[in-house]
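Enquirer: Below are the sequence and a predicted model for it; my questions follow.
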Amino acid sequence: MLRFVVRRLLQLIPILLGLSVLLFAWLRALPGGPAQAALGERATPEAIARYNELFGLDQPLYVQYLRFLGRAVQLDFGNSARTGRPVTEEFLERMPGTIELTLFAMVFAIGVGIPLGYLAARRHGSWLDSASVIGSLLGVAIPVFFLAYLLRLLFAVELGWLPGSGRQEVRIDATRITNFYVLDGLLTREWDAAWDAFTHLVLPGIALGTIPLAIIVRITRASVLDVVNEDYVRTANAKGLATSTVRRRHVIRNALLPVATTIGLQTGLLLSGAVLTESVFAFGGVGSAIFDAIFARDFAVLQGFILILAVVYVLVNLLVDISYGLLDPRVRVR
C-alpha cells in the first residue's frame, strides 16, 4: 500500500508541471500578449512597455517561466487587477463558499442517488427502474445553468419559498470565524444566521447536484446488477443466509466500490468551481470569482485560481485512489 501511495505522489509532479506550462503558455498566447489583454483600451506602446518591465515580461520566456513557477510554489500569484488584493487572499475568502455548496450538492446526490440506484436494480425491469434510467439521462442532458434558472424562477421568484441569490441575507449581522457561513452560525449559536445560510444553499446545491445524482444512480444500478449475479452471492443465498445479510454483507458492500470512486471524482469536479451555478445565483464562491475575472480581464486571478483549483482536483483524485486501495483488498494485496 505504501508503494501505491508513493507512486501516486510521484505521478503528481509531471501533472502539475505540465499544467503550469499550459497556464503559462495560455497567458503568453493572448492577443497582443498579457499586457495588451490586461490594459485593454489603455494599451498604448508606452503603457505596454512599462507593464512588461514592471512584471518582467521583457525577459526571456524560460526566465519568466522559472519566476512564475517560483512564485506559484510560494502561492504568490500577484494582486487582483480589480480589487488590488493578493490573489491567494481572495481565493481563501471565496473557497469556503464553494466547499459548502459542494458538500450540500454531494450530500443531496448521495442521499438520493444510492438508494434510488439500489432500488432500481432490485426491481430491474419495473416502472421504477425505467423511471430512474430516464431520470438519470435527463439529469445529465439538461444544462446546469438552465435548471438553475428554472429553480430560481419557480421557487425564489414565483413561490418565494427560498432565497434566489447570495450566500446569506445582507441584513443579518452574522459573526465570521471560518467564513463557512453555516458553521459560523452554529459555532456562535446564531441560529437565524445558520438557517439563513443553509436555505441559501438549497437551490444552487440541488442544481449543482443533479449531474452527480444522475451519475451515481446509474453507477449504483449497474454495479448492483453486476454483483447480484456473482458466484459468491449465489453461494450465500444457497447456504440459506438471510436476505438482509446477503444484501448488506455481499451485495451493497461490493457494489459501493465503483460508487465510492465516482463520488470522489465528482466531488473533485465540484470543488474545482461551479462557474455557471454560482453565477446564476450570485453565490460568492470560487466559480463566480472566475466568472467576474473573465469579463474584467483579471488574469492574475484567473491564473492563480485555475492553478490552485487544479491542485485541489489532483489531490482529491489522489485521496480517491488511496481510499479505493484501502477498500478494495485486491489493490492492498498487490
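Expert: Thanks, I have the structure now.
Enquirer: C-alpha from now on. contacts and neighbour counts both.
Expert: OK.
Enquirer: Angles on the backbone of the nearest residue to residue 155 once chain neighbours are set aside, please.
Expert: The spatially closest residue to residue 155, leaving aside those adjacent along the chain, is residue 161, at 5.5 Å (C-alpha to C-alpha, 6 or more residues apart in numbering). With angles defined as degrees, to the nearest 10, residue 161 sits at phi -80, psi -30.
Enquirer: Where does pLDDT dip in the chain?
Expert: 1, 30-34, 36-41, 273, 324-334 (pLDDT under 70).
Enquirer: Domains in it, by residue range?
Expert: Using the TED database, the domain ranges for the chain come out as 1-74, 97-268.
Enquirer: Which of the ones you listed sits closest to residue 323?
Expert: When these are compared by C-alpha to C-alpha, domain 97-268 sits nearest residue 323, at 8.3 Å.
Enquirer: For residue 151, see how far away the residue nearest to residue 155 is.
Expert: For residue 161, the distance to residue 151 equals 11 Å [C-alpha to C-alpha, to the nearest Å].
Enquirer: So those two - more neighbours on which side?
Expert: The neighbour comparison of residue 161 against residue 151 (other C-alpha atoms under 10 Å) goes to residue 151, with 19 against 11.
Enquirer: Tell me if I'm right that that one and residue 202 touch.
Expert: No: assessed by C-alpha atoms under 8 Å, residue 151 is found out of contact with residue 202, at 10.1 Å.
Enquirer: Can you tell me the element residue 164 falls in?
Expert: Using DSSP states H and E, residue 164 falls within no helix or strand.
Enquirer: likewise residue 70?
Expert: Counting by DSSP H and E, residue 70 is part of helix 61-73.
Enquirer: If we go by neighbour counts, what in that helix is buried?
Expert: 64, 65, 68, 69, 72 (16 or more other C-alpha atoms under 10 Å).
Enquirer: continuing past that helix, what's the next helix or strand?
Expert: Beyond helix 61-73 toward the C-terminal end (DSSP H and E), the next one is helix 87-122.
Enquirer: Quick check: buried residues in that next one?
Expert: Neighbour-count burial for helix 87-122, with 16+ other C-alpha under 10 Å as criterion, is recorded at 87-88, 90-91, 93-106, 108-110, 113-114, 116-122.
Enquirer: Who are the packing partners of it?
Expert: helix 127-141, helix 191-227, helix 253-271, helix 286-296, helix 299-327 (3 or more C-alpha pairs under 8 Å, 6 or more residues apart in numbering; DSSP states H and E).
Enquirer: which one of those lies closest to residue 45?
Expert: Once the helices and strands packed on helix 87-122 are compared by C-alpha to C-alpha, helix 299-327 is nearest, at 19.9 Å.
Enquirer: could you give the angle of the closest one to helix 253-271?
Expert: 170 degrees (axes from the mean of the first three to the mean of the last three C-alpha atoms, to 10 degrees).
Enquirer: what about helix 299-327, distance to the chain center?
Expert: On the basis of C-alpha atoms, centre = their mean, to the nearest Å, helix 299-327 sits 9 Å off its chain's mean C-alpha point.
Enquirer: Can you point out the buried residues in that helix?
Expert: Those would be 299-314, 316-322, 324-325, 327, for helix 299-327 by 16+ other C-alpha under 10 Å.
Enquirer: starting at the chain centroid, how far to the helix holding residue 70?
Expert: Counting by C-alpha atoms, centre = their mean, helix 61-73 comes out at 27 Å from the chain centroid.
Enquirer: Now do the closest residue to residue 106 other than its chain neighbours: how many residues are near it, please.
Expert: By the measure of C-alpha to C-alpha, 6+ apart, the closest residue to residue 106 outside its immediate chain neighbours is residue 209, 6.1 Å from it. Using other C-alpha under 10 Å, residue 209 has 26 other residues around it.
Enquirer: can you check residue 155 too?
Expert: 15.
Enquirer: Test my guess that it contacts residue 149.
Expert: No: here residue 155 does not reach residue 149: they are 10.1 Å apart, not a contact under C-alpha under 8 Å.
Enquirer: thinking again about what came up before, for the helix holding residue 70, which helices and strands make contact with it?
Expert: Using 3+ C-alpha pairs under 8 Å, 6+ apart: helix 61-73 touches helix 2-28.
Enquirer: give me that answer again for 10 Å
Expert: With contacts defined as 3 or more C-alpha pairs under 10 Å, 6 or more residues apart in numbering; DSSP states H and E, the packing partners of helix 61-73 are helix 2-28, helix 299-327.
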